[in-house]
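*Asks:* Need a 3D model of the sequence below.
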Amino acid sequence: MRIAIYSPYLDTFGGGEKYMMTIAETFKQDKVDVLLDRHLEDIGAEYLKNELSNRFEINLDSTNFIKAPIEKASNFFDRFFFLKNYDVLFYLTDGSIFYPTAKKNILHIQSPLKGQPSQSRWGKIKLKGWNLIIYNSEFTKKNSLNNWPLVSQVIYPPVDIEKIKPLVKRKYILSVGRFFGYLRDKKQEIMIKVFKDLYQDKKIDGWSLHLVGVASKGDQSYLRKLRSLSKELPINFYPNLEYNALMTLYGQSSIYWHASGYKEKDPTKMEHFGISTVEAMAGGSVPVVANCGGQTEIVENGKSGFLWNSLQELEEFTTLLIKDQNLRSKLSQQAVLASHRFSKIRFQTEINKLLKDL
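*Replies:* Residues are numbered from 1 along each chain as shown. Predicted structure coming up:
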């Protein structure tokens, strides 16, 4: 079986790219080609292959990274005849589509998309060439269906839960999310405010807040602002923390906070799934997360963690967990069990079944 995989943003090394490269690893016994458009080819096939393998700890030894006439500006007929060589094509769409010619063609959608394939004649023709859409969550599916009227199913992302283990617990509240100065969508300012209120009210004596996330050059001013807001508080920052150190923090932390989507109405500004929440749960950290987006599919309120709708609820649930060690221990154990639903093995089994049933 010949399989082609295309992600136009392969060099961002994000969750979508991990999803697609895990598919490549799943079919490593077959012939798998990762397609590179001009932009990706300029970056370099070997560089991309090595970086993706190392960052995601995925075996891509038997996967080929090859130049392909796949980008928007490529010749229609070149792409048409090139793709006919494949039994299956997986494409992580950024909202755009083309007419595919592999024997089986599968779209992957990572976030609510407002693309318009259903609202133009050519868009409808292109969409008919695809056999199936796979979504990363029911939330993403629900908020994309109207614009992407095609047979679909949800296959949750692969999470490396096997690499994360509960450790001796410390009085840590952990949150993981990019320090994105432009969008500020991870809501670190809000979490700092809540922690400060709890700290000043002496409700969390001996506890500390730990904020982890990617921070690029453009995010430094926002990071400085957050540090300023945290003065004289037991709050620690970990910009660009190494993977193994993060795994340790997951295992040591007792409570996990996530605030993305709070007070947002636009689905694109909510957490589309919540990989970091699953990772924290695998480490036995009890999730206390905003009741919106894909988080509601991960956390069962009151059983494997808490879903909050207001900052008052965030404070109340956190205080309850801090005061009641037995409850915290019980929910921690349930969180670990719940995280198994999103394992890499489960993902690979579902992807294999998908192709057999297609």
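*Asks:* pLDDT weak spots in the stretch 151-300 of the chain?
*Replies:* In the predicted model of the stretch 151-300 of the chain, residues 181-184 satisfy pLDDT under 70.
*Asks:* if we go to 80?
*Replies:* Within the stretch 151-300 of the chain, the segments meeting pLDDT under 80 span 180-185.
*Asks:* Helices of that one, residue ranges please.
*Replies:* 188-200, 220-229, 243-252, 275-282 (DSSP state H, counting those that start in this stretch).
*Asks:* just these: most buried one?
*Replies:* When you average the neighbours per residue for each of the helices of the stretch 151-300 of the chain (mean count of other Cβ atoms under 10 Å), helix 275-282 leads with a mean of 27. Where you see a C-beta, it was placed from the backbone N, CA and C, and this is true even at glycine.
*Asks:* helices or strands up against that one?
*Replies:* Packing partners of helix 275-282 (3 or more Cβ pairs under 8 Å, 6 or more residues apart in numbering; DSSP states H and E): strand 172-176, helix 243-252, strand 255-258, strand 286-290, helix 325-339.
*Asks:* and the gap between Asn352 and Phe27?
*Replies:* According to Cβ to Cβ, to the nearest Å, Asn352 and Phe27 sit 8 Å apart.
*Asks:* same deal with Leu229?
*Replies:* Where Phe27 is concerned, Leu229 sits at a distance of 47 Å (Cβ to Cβ).
*Asks:* One more: Ile155?
*Replies:* 14 Å.
*Asks:* Please apply the same query to Leu358.
*Replies:* Taking Cβ to Cβ, one finds Leu358 at 13 Å from Phe27.
*Asks:* More neighbours: which of those two?
*Replies:* More crowded of Leu358 and Phe27, by other Cβ atoms under 10 Å: Phe27, with 21 against 13.
*Asks:* Pull the contacting residues for that one.
*Replies:* Taking Cβ atoms under 8 Å, 6 or more residues apart in numbering, we find Phe27 in contact with Met1, Ile3.
*Asks:* and what of the one 4 residues further on?
*Replies:* With contacts defined as Cβ under 8 Å, 6+ apart, Lys31 is in contact with Met1, Arg2, Ile3, Asn64.
*Asks:* Please name whichever of those scores lowest on pLDDT.
*Replies:* Least confident by pLDDT among the contacts of Lys31: that is Met1, with 93.
*Asks:* For the nearest residue to it once chain neighbours are set aside, which residues are in contact?
*Replies:* For Met1, ignoring the flanking residues on the chain, the nearest one in space by Cβ to Cβ, 6 or more residues apart in numbering is Asp30 at 4.4 Å. Shown in contact with Asp30 (Cβ under 8 Å, 6+ apart): Met1, Arg2, Ile3.
*Asks:* Now the buried members of the residues you listed.
*Replies:* In those, burial by neighbour count holds for Ile3, counting by 16 or more other Cβ atoms under 10 Å.
*Asks:* Out of the contacts of Asp30, which is nearest to Gly16?
*Replies:* Ile3 (17.3 Å; Cβ to Cβ).
*Asks:* just checking, that closest one touches Val88?
*Replies:* Yes. Here Ile3 reaches Val88: they are 4.8 Å apart, a contact under Cβ atoms under 8 Å.
*Asks:* Please identify which helix or strand holds Ile58.
*Replies:* Assessed by DSSP states H and E, Ile58 sits outside every helix and strand.
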